[in-house]
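Peer 1: Okay, here's the prediction I keep looking at, along with the sequence it came from:
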Amino acid sequence: MKKIKHLICILFALCLGFTARAALSANQPVWWADAESLAVRDGYRLISSRALRALYQHSADFLVVDVRPDYEYKAGHLPGAVQIEFDPGDKYRLEDRKKARFEKVLGPEKNRLIIIYCRNYN
C-alpha cells in the first residue's frame with residue numbers, strides 16, 4: 001500500500017506539478033531531470049515515448065493506466081489503456097471505492113510493469 005501512495009504522489013507531481021517549457025535537449029523537456037529524480041527517489045522511473053513504443057512492439061506483459069478525466073480518455077487513449085481518473089484530492093488519500101478499483105486493475109501480478117500516464121505537455 002505504501003508503494004501505491006508513492007505512485008500517486010509521483011503521478012501528481014508529473015501530471016499537475018510541471019508545466020511545458022522549452023526542451024533541454026532534442027529528446028527531453030526541461031522538467032524531465034527533476035521529475036526523474038523524484039521518481040527514482042520513490043522507487044519509480046520515467047520512460048520516454050520512444051521507450052513506450054518499444055514496449056508496445058516487443059512486450060505483452062505490461063499494464064497501461066490512463067489517469068485523465070473520462071472525457072479526455074474517450075477522446076483518445078493509448079491502446080489497451082485502462083482509465084482510472086485521479087484528481088488533486090487523491091494525492092494524499094484515495095477514497096475506498098477508487099482504491100478498490102485501482103487494486104483490482106493492478107491485479108495480483110506484482111512484477112508486471114505498470115505505465116501510468118496523464119496529459120502530455122510537450
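Peer 2: Structure received. Residues are numbered from 1 along each chain as shown.
Peer 1: contacts, neighbours, all on C-alpha from now
Peer 2: Fine.
Peer 1: Tell me where the model's unsure across the chain.
Peer 2: Applying pLDDT under 70 to the chain flags residues 1-27, 120-122.
Peer 1: Show the residue spans covered by the helices in it.
Peer 2: Listed in chain order, the helices of the chain (DSSP state H) span residues 2-16, 32-41, 49-58, 70-75, 96-106.
Peer 1: any idea which of those is most buried?
Peer 2: Of all the helices of the chain, helix 2-16 has the most neighbours on average by mean count of other CA atoms under 10 Å, namely a mean of 17.
Peer 1: on that earlier part again, possible to save the helices of the chain as CSV with distance to residue 85?
Peer 2: Putting those into CSV (distance: least, CA to CA, whole Å) gives the following:
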stretch, distance to residue 85
helix 2-16, 11
helix 32-41, 20
helix 49-58, 21
helix 70-75, 7
helix 96-106, 9
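Peer 1: Can you tell me which of the ones you listed is nearest to residue 88?
Peer 2: helix 2-16 (7.2 Å; CA to CA).
Peer 1: re the thing from before, so which of the helices of the chain is nearest residue 90?
Peer 2: Nearest of those (CA to CA): helix 2-16, 7.5 Å.
Peer 1: Please name whichever of the helices of the chain is nearest to residue 89.
Peer 2: Residue 89 lies closest, by CA to CA, to one member of those: helix 2-16, at 10.0 Å.
Peer 1: Contacts only, for the residue nearest to residue 67 when sequence neighbours are not counted.
Peer 2: Using CA to CA, 6 or more residues apart in numbering and skipping the chain neighbours, the partner closest in space to residue 67 is residue 85 (4.4 Å). The contact partners of residue 85, taken as CA atoms under 8 Å, 6 or more residues apart in numbering, are 66-70.
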